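Enquirer: After the sequence you'll find the predicted model.
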Amino acid sequence: MKHVLWMAVFATLTAVVFGVVAKGTNRHRLIYGLKVFAEFMLIAFVLGWVLYFLPFR
Amino acid sequence: MVAKQIQPTTNTETPPFAWLIGVAAWAVPGLGHLVQRRWIRAVLLGGAVWAMFLTGLWLGGHLFVVTGKEQGISALIQLLPMSANVGAGLLYIFCWVTNTGFTEHAQLLTYEYGNTFLLVAGLLNYLAMLDAFDIASRRKE
């Protein structure tokens, strides 16, 4: 659970910076920041499940 | 085929103080926007970089440094992450002077998270620095 928490913290802080430095209106930047956050989380979950089924051990 | 003609629409000359703003933004995360009275940007950008750097240290991450003892490719391997860490500005220099965060804590579960937080804090500060520079040179609102 802690890993998910730190991943969410990382995604949040990165999304804040990406959203703030983006161009456009405040609304566009807010949506962009939320999109970045969602993409980080989604890709991490997808990769996590893909790696779970790969026999690395 | 119609050739596109690029017309200069804005003055591209960079005012000298924009470079100073850039240096200030690199040195102290958030300061570049603060001196330009961009309060919300300063708090958000500076806060995010500071939080990420301090969280990285708290999680047991370690900072990279080129000591000069490395040989061949191993110096390059250290140089790339070090250049990311250096992006945190005086935070990195303070840690270097006080020898904080340069010890590896690989036994910690959050060690890799810490490393990533520290690396990305520096890289995000480079982005914030460019943003402050662009605002100072009137390339961005």
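Expert: Yes, it's here. Numbering: from 1, shown residues only, chains lettered A, B, ... in the order given.

Enquirer: check contacts around B:Tyr113.
Expert: Each residue near B:Tyr113 by Cβ atoms under 8 Å, 6 or more residues apart in numbering or on different chains is listed here: A:3, A:6, A:10, B:56, B:59, B:61. For glycine as for every other residue, the C-beta is placed from the backbone atoms N, C-alpha and C.

Enquirer: Is it in a helix, a strand, or coil?
Expert: helix (DSSP: H, G, I helix; E, B strand; the rest coil).

Enquirer: How about the residues of chain B by chain A?
Expert: With Cβ under 8 Å from any Cβ of the partner chain as the criterion, chain B meets chain A at residues B:41, B:44-45, B:47-49, B:51-52, B:55, B:59, B:109-110, B:113, B:116-117, B:120, B:124, B:127-128, B:130-131, B:140.

Enquirer: mind running it again at 6 Å?
Expert: Chain B comes close to chain A at residues B:41, B:44-45, B:48, B:51-52, B:113, B:124, B:127, B:131, as judged by Cβ under 6 Å from any Cβ of the partner chain.

Enquirer: List just the nearest of those to A:Val46.
Expert: Nearest to A:Val46 among the residues of chain B next to chain A, counting by Cβ to Cβ, is B:Tyr113 at 19.2 Å.

Enquirer: Which pLDDT does the model give the closest one?
Expert: pLDDT, B:Tyr113: 91.

Enquirer: Show me the two of the residues of chain B next to chain A that sit farthest apart.
Expert: B:Arg41 and B:Tyr113 (26.8 Å).

Enquirer: Tell me which residues of the lengthiest helix in chain A come out buried.
Expert: Looking across chain A with DSSP state H, the single longest helix is helix A:26-53. For helix A:26-53, a neighbour-count test (16 or more other Cβ atoms under 10 Å in any protein chain shown) marks A:29, A:32-33, A:36-37, A:40-41, A:44 as buried.

Enquirer: I'd like the average pLDDT over it.
Expert: Here the average pLDDT along helix A:26-53 is 94.

Enquirer: repeat for stretch B:53-61
Expert: Rounded mean pLDDT across stretch B:53-61 is 93.

Enquirer: buried sites along that stretch?
Expert: Going by 16+ other Cβ under 10 Å, stretch B:53-61 has these buried residues: B:53, B:55-57, B:59-61.

Enquirer: ok, which pair from the residues you listed is furthest apart?
Expert: B:Phe53 and B:Gly60 (13.6 Å).

Enquirer: Assign the closest residue to B:Asp134 other than its chain neighbours to helix, strand or coil.
Expert: Of all residues not flanking B:Asp134 in the chain, B:Lys140 sits nearest, at 4.0 Å (Cβ to Cβ, 6 or more residues apart in numbering or on different chains). Following three-state DSSP, we place B:Lys140 in the coil state.

Enquirer: Just give me the neighbour total for B:Lys140.
Expert: Applying other Cβ atoms under 10 Å in any protein chain shown, we find 13 residues neighbouring B:Lys140.

Enquirer: B:Trp19 now?
Expert: B:Trp19, neighbours per other Cβ under 10 Å, totals 13.
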